[in-house]
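Colleague: Everything below, folded, please.
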Amino acid sequence: MNKIKKLLPGLLFVFLISIISMFINDSIKNIINLEALTIGIILGIVYNNVLNTRNILKPGITFSLKTLLKWGIVLLGFKLDFRALMQLGPKVVIMIVLYVPFVLILSYLLGKILKINNKVAVLLGVGSSICGASAVVAMSSCINAEEDDSVVAVSIINFLGAIGVLAYSYIAIASSMSDLEYGIWSGISLQGVAHAIAAAFARGDQSGEIGTLVKMGRVVMLVPVSLVLTYLFKKETKAGKVKFPMYILYFILAGVISSLNLLSFDIIKILARLSSIFILMAMVGMGLSVNIKSIKDKGMKAFIMGSILFLVISISMYFVCISIA
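Modeller: Here you go, the predicted model:
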C-alpha cells in the first residue's frame, strides 16, 4: 500500500501529460501528425528543464518508464495475426526478413561515417526498420542505452515518420503504382505503426490492409533482433551477462493468443488501446527524466543521419516493391 502511495503522484502526473499530448495531437494532426508520443516527450523535457521535476513525482515517473513500457510492448503483441502475415506470400515475407538487417547494417555504417554514438545509430536503425518509437524503447534495454540516447532516437524517428506520412499521402495520389505496390511500399518503409498505416490507407482500403499486414510483419522482427542485440551488446551489461528481455517472450505469446482468436475482438481492441497508453506514458516518463544539455550535442548529427537513412530506405524500397509486387 505504501508503494502505491509512493508511485501515485508521479503516475497521475504522467497520465495527465499523456492526456494533454493526445489532445494536442488530435488538434494539429490535420496539419502535421507528430504523434502523441513525440508531443509527450517534448512536454516532459520542457517541464523537467524549465520547472524541474519534484522528487515526489520521480518514483511514478520511473515506474512509467521502466514497467509500463514493458507492459505496453507485451500488449502490442495483441495487434498481431501470424496467419494473416503468412498469407502475404513468400516474396514479401523474405523481403521483410532481409529488410531489417539491411537497415540495421546501413544505420551502423552511417553512424560510423558521421561519427555518431553506436547506440544512437543502432536505435535509429531499429526504429526505422521495425516499428518506430516502440522498437526504440523496447531495444534500449537490450543494448543498455542511456535515456537521452532513446529520447534523441524516438524524437527523430517520429518527426521523420510524420513528414513521411505527408509525402507518401501525396505520392498515393500522384504515383502510377498499383494498390498492391503502394501498400507494400508504405508498410515496409515507414517508421512507426501509425505512420505506415496512415500512409497506406491514403490510397484506399486495399492498400491500407496490405500496408498494415506488412508493417505487422516488421513488428514480429522485434524478437530475433532483440536476441541478436542482447548478445552483441552483452559487454555493456553488468558482468557481461546476456539477459534476454522476458517481455519479448510475452509479446510473442500475446501474438499467438491474438492469432488463434482466443479472445474476443472487443477485448483485443481494449488491450491494444492500453498498449498505446502505456507506451505513451513511458515516453512522457522518458521526457521527464531528460536533461536537455545532455542531448544537445547528439541531436543534429543524429537527425542528419536519420534523414539520410529514411531517404535511402524510401527510394530503394520503392524500386524493390515495384519489381516484386
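
Colleague: which residues touch residue 284?
Modeller: Residues counted as contacts of residue 284 (CB atoms under 8 Å, 6 or more residues apart in numbering) are 14, 17-18, 21, 40-41, 43-44, 64. For glycine as for every other residue, the C-beta is placed from the backbone atoms N, C-alpha and C.

Colleague: let's see 6 Å
Modeller: By CB atoms under 6 Å, 6 or more residues apart in numbering, the residues touching residue 284 are 14, 17-18, 40, 44.

Colleague: Where does the closest residue to it other than its chain neighbours fall, secondary structure wise?
Modeller: Counting by CB to CB, 6 or more residues apart in numbering, residue 284 lies nearest to residue 40, which is 4.2 Å off, once chain neighbours are set aside. Using DSSP states H and E, residue 40 falls within helix 35-50.

Colleague: residues making contact with that helix?
Modeller: Applying CB under 6 Å, 6+ apart, the contact partners of helix 35-50 are 17-18, 21-22, 24-25, 133, 155, 158, 280, 283-284, 287-288, 290, 292.

Colleague: and if we set it to 7 Å?
Modeller: Residues from elsewhere that reach helix 35-50 (CB atoms under 7 Å, 6 or more residues apart in numbering): 17-18, 20-22, 24-25, 53, 133, 151, 154-155, 158-159, 162, 192, 194, 280, 283-284, 286-288, 290-292.

Colleague: now do stretch 23-32
Modeller: Contacts for stretch 23-32 (CB under 7 Å, 6+ apart): 34-36, 39, 162, 166.

Colleague: Residue 115: which of those residues is nearest?
Modeller: Nearest to residue 115 among these, counting by CB to CB, is residue 162 at 27.1 Å.

Colleague: How many residues are close by that closest one?
Modeller: 21 (other CB atoms under 10 Å).

Colleague: hmm, back to that, so among the contacts of residue 284, where is pLDDT lowest?
Modeller: The lowest pLDDT within those belongs to residue 40, with 85.

Colleague: Show me the shaky parts of the stretch 1-150 of the chain.
Modeller: 32-34 (pLDDT under 70).

Colleague: mind listing the helices for it?
Modeller: Secondary structure of the stretch 1-150 of the chain, counting by DSSP state H, counting those that start in this stretch: helices at 2-28, 35-50, 58-63, 69-76, 82-86, 90-113, 118-129, 132-140, 147-174.

Colleague: how about those, which one is nearest residue 220?
Modeller: That would be, of the helices of the stretch 1-150 of the chain and by CB to CB, helix 82-86, which comes in at 6.8 Å.

Colleague: For that closest one, give me every contacting residue.
Modeller: By CB under 7 Å, 6+ apart, helix 82-86 touches 213, 216-217, 220, 255, 259.

Colleague: again, only this time at 10 Å
Modeller: Applying CB atoms under 10 Å, 6 or more residues apart in numbering, the contact partners of helix 82-86 are 92-93, 96, 209, 212-214, 216-220, 252, 255-256, 258-261.

Colleague: what comes up buried for it?
Modeller: Residues of helix 82-86 classed as buried by neighbour count (16 or more other CB atoms under 10 Å): residue 85.

Colleague: Which of the contacts of helix 35-50 are buried, as a ChimeraX select command?
Modeller: Listed next is the ChimeraX selection for buried residues among the contacts of helix 35-50, using 16+ other CB under 10 Å:
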select :17,18,21,22,24,25,53,133,151,154,155,158,159,162,192,194,280,283,284,286,287,288,290
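
Colleague: Tell me how far residue 259 lies from residue 6.
Modeller: Residue 259 sits 39 Å away from residue 6, going by CB to CB, to the nearest Å.

Colleague: May I ask you to name the longest helix in the protein?
Modeller: Identified as the longest helix of the chain according to DSSP state H is helix 292-324.

Colleague: tell me the contacts of the residue nearest to residue 308 when sequence neighbours are not counted?
Modeller: Counting by CB to CB, 6+ apart, residue 308 lies nearest to residue 110, which is 6.1 Å off, once chain neighbours are set aside. Each residue near residue 110 by CB under 10 Å, 6+ apart is listed here: 116, 121, 124-125, 304-306, 308-309, 312.
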